[in-house]
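Asks: This is the structure alone, sequence omitted:
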């Protein structure tokens, strides 16, 4: 089955907002085993929208339209789509009631604001439409079927679109597929994207069902295995040996087998499982590693202290880095990283402390210490190791890579302990 | 003049990567005063790409294609575009030389890797093409003109596309325009998006030249004024009274008049201008405010200490928050925020300390302190103020809003001083 995505909105064409819905929906289509050949963005203009919708319904089986379902006169998606499909509009009493309730609630919570738009326009639906309730706004979603073609209309705001897709559209499309699709993610860290691609090239070349696709993220590579089968059991049976083979190839570099699990979550889980507390001593990343750890709900159980010691004075005062170290080796040195990690443990009573100091640029680079040089230290069980990294790119890129590498190093130290004492 | 964007790449259709190029190019087109009616994504497939390019060149004056210029057989954009426009391919000696040099350099820096693809395919260009040098990769960009239509081909990676667009395509398109376009940004913080929209509605409704458009970001609203004129002088003359009027309406809430200037940069500039040093005491944001400040090159001059005190113990030990405060008022309280800010100043000798403590969820909310409750404190000149906020959304959303609001509060305190002592 072929699906096509159409995003409606002049604000996307003007670059006012980034079209993240298409990326989300593309990934969902891949998971459902639907092929997407075209994605289009069109403005809030009757004639152009009509041409785009007609051509999409002509060349694809399922067309997912997002945006343009609002209450203003500019919002035309429903009207144009109904026109193209030859379906008259009529009021849906269920939607009308929901909108009334939503507006009352809104006015109660926002006594200073008044709803001035004609929200009841949103209760008008094309004849025979399947209505999808919107729990986060007033525009209902719609599924229209005619002559073997399906149009699915969803509101543009991602916080409305995503829950509606998950709750109603995903199961609907899944049923339409003659076969069941299951997918499984295998998340890898500590190995570069090109290395992972090279390591699985034989598997990708030989693939039919299941398929294997890599998705690169900063410091991580996600592999998605997608199987088609008659039922879930058959799919799982097809996926299992691929996961086993990936485990054999990537071993400890696999940090998650669940789509929702993040690298920081796997680190927090490990700390919790082993009853360890964590401190962080950050210079060049300026708190960004701590912010990643705090992304994890419940991180407070394991993460106690973060020291953001951006100045030399703070490194000395908060972490006890020696004046002589800063003078002879400089702040961007293995010795400084080591003293930061040790001092972080000592001054926090945490079981493990990761430190980071480096040069993110754009200025300050020398021949010996070029921009992108980063030292990390990790103190655990009275031992401290240090690592040297060289990242490339601009300031932001260097810091993002440093944060990801720090989480990888932290994971490695917790998992394997620290043996080498330098 | 009408422009159209076509992104080529099966990886976008699969959702493997987000199509950020289109958002970037859309904003650039708006700045150039070009209208964009359609944006399309199509896969690496000859027939479908041919149909998309033909229809784009038919309905628009300028078509910007991104992606599909790589050295593999899948990369077809140049070949298909040349076919549609009826231009034969020939080798460009200049590009060939550049590719040879780039590959030699690459092999020198990566002795362990070998280039196996046929990069010389990238030196083939359609007859009469204007070649755009690529300083960050091997694929040159191309500008093709025929029968009053223009096709512009750029490589997909943003770190190649953006510099090439800025260096060559922007000036090229600017020349093509019969009139000069100038734009000016006015960045606002501390006022919500809907309030800003309401405050300028009369200006937007009355606009012809220049035009005024709002772009909402987390905690910020950017207004872009775009003027068309015979020369830069005329444009500036048109823009000036609009800026003056916006300054009159938004006053101190304007933090920048330059496109590149960030909110954190305006805070760091203010601190530097007034010779002040900054400390941060973060709980719920876990270092994310510090990370924003450290985004600014040279932040080390003003930002000395960051305390990430996620546990109560750390709040007591690093910031001297009283045990009784934590017991009676709790960590998420105005009193705790106040003691954190005071303690942050005392323990760092910084001139100003901003503190933040709150509940980002998803768990832990109570009727008195629901998820989204955030207290901030600011200690400056021996005075400390506190503020209470209530944010909505998920954990990430709450923390992003908290970070943005903290920067706004910090800016306000530096700018106006702290008068009220509570």
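Replies: Received, thanks. Quick caveat: nothing in here was measured; it's all calculated off a predicted structure.
Asks: hey, let's count contacts and neighbours off CA atoms from now on
Replies: Will do.
Asks: doesn't residue B:287 make contact with residue A:291?
Replies: Yes: proximity of residue A:291 to residue B:287 meets the contact threshold set by CA atoms under 8 Å, at 5.0 Å.
Asks: Compare neighbour counts for the two and give me the winner.
Replies: A count of neighbours by other CA atoms under 10 Å in any protein chain shown puts residue B:287 above the other of residue A:291 and residue B:287, at 32 against 25.
Asks: wait, what's in contact with that one?
Replies: A:286, A:287, A:288, A:289, A:290, A:291, A:306, A:308, B:306, B:307, B:308 (CA atoms under 8 Å, 6 or more residues apart in numbering or on different chains).
Asks: mind listing the strands for the stretch 251-400 of chain A?
Replies: Secondary structure of the stretch 251-400 of chain A by DSSP state E, counting those that start in this stretch: the strands cover A:254-256, A:278-282, A:303-309, A:352-358, A:373-380, A:383-390.
Asks: Dump the ones you listed into JSON lines; add mean pLDDT as well.
Replies: Below are the strands of the stretch 251-400 of chain A laid out as JSON lines (pLDDT from 0 to 100):
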{"stretch": "strand A:254-256", "mean pLDDT": "97"}
{"stretch": "strand A:278-282", "mean pLDDT": "97"}
{"stretch": "strand A:303-309", "mean pLDDT": "93"}
{"stretch": "strand A:352-358", "mean pLDDT": "97"}
{"stretch": "strand A:373-380", "mean pLDDT": "96"}
{"stretch": "strand A:383-390", "mean pLDDT": "94"}
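Asks: could I get these as JSON lines with distance to chain B and mean neighbour count?
Replies: What follows is those, written out as JSON lines (distance: least, CA to the nearest CA, whole Å; neighbours: other CA atoms under 10 Å in any protein chain shown):
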{"stretch": "strand A:254-256", "distance to chain B": "18", "mean neighbour count": "20"}
{"stretch": "strand A:278-282", "distance to chain B": "9", "mean neighbour count": "30"}
{"stretch": "strand A:303-309", "distance to chain B": "4", "mean neighbour count": "30"}
{"stretch": "strand A:352-358", "distance to chain B": "12", "mean neighbour count": "30"}
{"stretch": "strand A:373-380", "distance to chain B": "15", "mean neighbour count": "27"}
{"stretch": "strand A:383-390", "distance to chain B": "13", "mean neighbour count": "18"}
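Asks: Export the ones you listed to a markdown table and append columns for distance to residue B:276.
Replies: Formatted as a markdown table, the strands of the stretch 251-400 of chain A follow (distance: least, CA to CA, whole Å):
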| stretch | distance to residue B:276 |
| --- | --- |
| strand A:254-256 | 44 |
| strand A:278-282 | 22 |
| strand A:303-309 | 17 |
| strand A:352-358 | 24 |
| strand A:373-380 | 28 |
| strand A:383-390 | 33 |
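Asks: Relative to residue A:11, how far out is residue A:68?
Replies: To residue A:11, residue A:68 is 11 Å away according to CA to CA, to the nearest Å.
Asks: Neighbour count for these two, which is higher?
Replies: Ranked by neighbour count (other CA under 10 Å), residue A:68 and residue A:11 place residue A:68 first, with 25 against 18.
Asks: quick revisit: can I get the contacts of residue B:287 in CSV with distance to residue A:369?
Replies: Output for these, formatted as CSV (distance: CA to CA, whole Å):
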residue, distance to residue A:369
A:286, 19
A:287, 22
A:288, 22
A:289, 22
A:290, 25
A:291, 27
A:306, 26
A:308, 22
B:306, 25
B:307, 28
B:308, 28
